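K.L.:
sequence unknown, structure follows:
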């Protein structure tokens, strides 16, 4: 085993043992590197920089394979040596190939950070559902009329949300420590390590519902306002409320929108109409305010919202008329 004390970042990137530890750690290798870092704390920055590069490249096929390194080095050699005998191929030891490649990687990684450190935004229109895969492998499925934004870059794991989205967060580890994933929804900050949860940020109300895993919710400006959620729980807060309110939740109901369905269990029609306006841009006018207080239990197929309004006529003996942008209920 080489002496790592004098290694720089590019040397770690070229070391097989280091690559194996970062990409496929075991208890033995983990114990070795953790102990080594305790004994050499001044090398932590070099190790972390090298680990980031190896982890980014590990998702690319054949990055560290012999043939790929040899081919890449040959392209560099022919371009940089003007008097090289044409067609002659020289086999270089793997270590020197890896060092040459790692130097190039460090340069390209620096360029990538500079190029990618910019704000990225994804949005959906009314009635549109879109799934976005982030750089770390996490998936975000946006409901209609929703938007996420984040700064694109290495290991950036903070997303801002307006609207509603389901997050499936992939666990990311750096030097055996989990890297937190954060979602900012108005003044609520969701902190996770790897889990699935739904966040709704509409009409100055934020709701976080946990499907699996565990999350911690923090309120901006309140050090003691954190709330922990377990699967099957949700936390809600309005723009004017002083604290998050935790309660039990039915995950299937809260993420039914993924399957083109909205499920209600005794909610008033005002809530139903607001959901249809927020997600689909369908506005509902009523001629009598008491209509909004009527309770609805059942499902709404978002593939055929017209059927829901037809049901209202039958169930509540109302009259529904289509109009520009929505419906008139009287």
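P.N.:
Happy to help now that I have it. On a predicted model such as this, the values are computed, not experimentally measured, just so you know. Numbers count the residues shown, from 1 in each chain.

K.L.:
Strands of the stretch 51-200 of the chain, residue ranges please.
P.N.:
Along the stretch 51-200 of the chain, counting by DSSP state E, counting those that start in this stretch, strands occupy 118-123, 130-133, 139-142, 147-152, 158-168, 173-174, 177-178, 181-185, 188-192, 196-202.

K.L.:
Lowest average pLDDT across those strands?
P.N.:
In terms of average pLDDT, strand 173-174 trails the rest of the strands of the stretch 51-200 of the chain, at a mean of 68.

K.L.:
With respect to residue 293, which of the strands of the stretch 51-200 of the chain lies nearest?
P.N.:
strand 196-202 (20.7 Å; C-beta to C-beta). For every residue, glycine as well, the C-beta is placed using N, CA and C.

K.L.:
Each with direction, which strands does the closest one pair with?
P.N.:
According to DSSP bridges, strand 196-202 forms sheet pairs with strand 158-168 (antiparallel), strand 205-212 (antiparallel).

K.L.:
Verify the contact between residue 165 and residue 144 for me.
P.N.:
No: using C-beta atoms under 8 Å, residue 165 is not in contact with residue 144, being 10.7 Å away.

K.L.:
okay, the two: which has more neighbours?
P.N.:
Using other C-beta atoms under 10 Å, the more surrounded residue of residue 165 and residue 144 is residue 165, with 27 against 20.

K.L.:
check contacts around the more buried one.
P.N.:
140-143, 146, 148, 198-199 (C-beta atoms under 8 Å, 6 or more residues apart in numbering).

K.L.:
From residue 118, how far out is the nearest residue to residue 292 once chain neighbours are set aside?
P.N.:
In space, residue 292 comes closest to residue 270 once its chain neighbours are excluded; the distance is 3.9 Å by C-beta to C-beta, 6 or more residues apart in numbering. Noted for residue 270: a distance of 41 Å to residue 118, by C-beta to C-beta, to the nearest Å.

K.L.:
Repeat that for residue 44.
P.N.:
In this view, residue 44 and residue 118 are 28 Å apart by C-beta to C-beta.

K.L.:
Neighbour count: those two, which is higher?
P.N.:
Neighbour count, other C-beta under 10 Å: between residue 44 and residue 118, residue 44 has more, with 12 against 9.

K.L.:
Output the below-cut-off pLDDT ranges for the stretch 151-300 of the chain.
P.N.:
152-155, 174-177, 223-224 (pLDDT under 70).

K.L.:
just the stretch 1-150 of the chain next, same as before
P.N.:
Across the stretch 1-150 of the chain, the ranges flagged by pLDDT under 70 are 1, 56-117.

K.L.:
what about the helices in it?
P.N.:
9-13, 16-23, 27-39, 44-58, 66-80, 94-116 (DSSP state H, counting those that start in this stretch).

K.L.:
And the stretch 201-330 of the chain, by the same measure?
P.N.:
Along the stretch 201-330 of the chain, counting by DSSP H, counting those that start in this stretch, helices occupy 251-254, 269-280, 305-316.

K.L.:
and those as TSV, adding mean neighbour count and distance to residue 209?
P.N.:
Below are the helices of the stretch 201-330 of the chain laid out as TSV (neighbours: other C-beta atoms under 10 Å; distance: least, C-beta to C-beta, whole Å):
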stretch	mean neighbour count	distance to residue 209
helix 251-254	16	4
helix 269-280	19	15
helix 305-316	14	23
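
K.L.:
And these: which comes nearest residue 186?
P.N.:
Among these, helix 269-280 comes nearest to residue 186, with 14.6 Å by C-beta to C-beta.

K.L.:
could you give the angle of that closest one to strand 158-168?
P.N.:
For helix 269-280 against strand 158-168, the angle between stretch directions is 110 degrees (axes from the mean of the first three to the mean of the last three C-alpha atoms, to 10 degrees).

K.L.:
State the distance from residue 222 to residue 237.
P.N.:
From residue 222 across to residue 237, the span is 11 Å (C-beta to C-beta).

K.L.:
swap that for residue 245, please
P.N.:
Applying C-beta to C-beta, the value for residue 245 to residue 237 is 7 Å.

K.L.:
Quick check on these two: which one has the bigger neighbour count.
P.N.:
residue 237 (23 against 12).

K.L.:
Leaving out sequence neighbours, find the closest residue to that one.
P.N.:
With C-beta to C-beta, 6+ apart as the criterion, residue 237 has its nearest non-adjacent residue at 4.8 Å, and that residue is residue 244.
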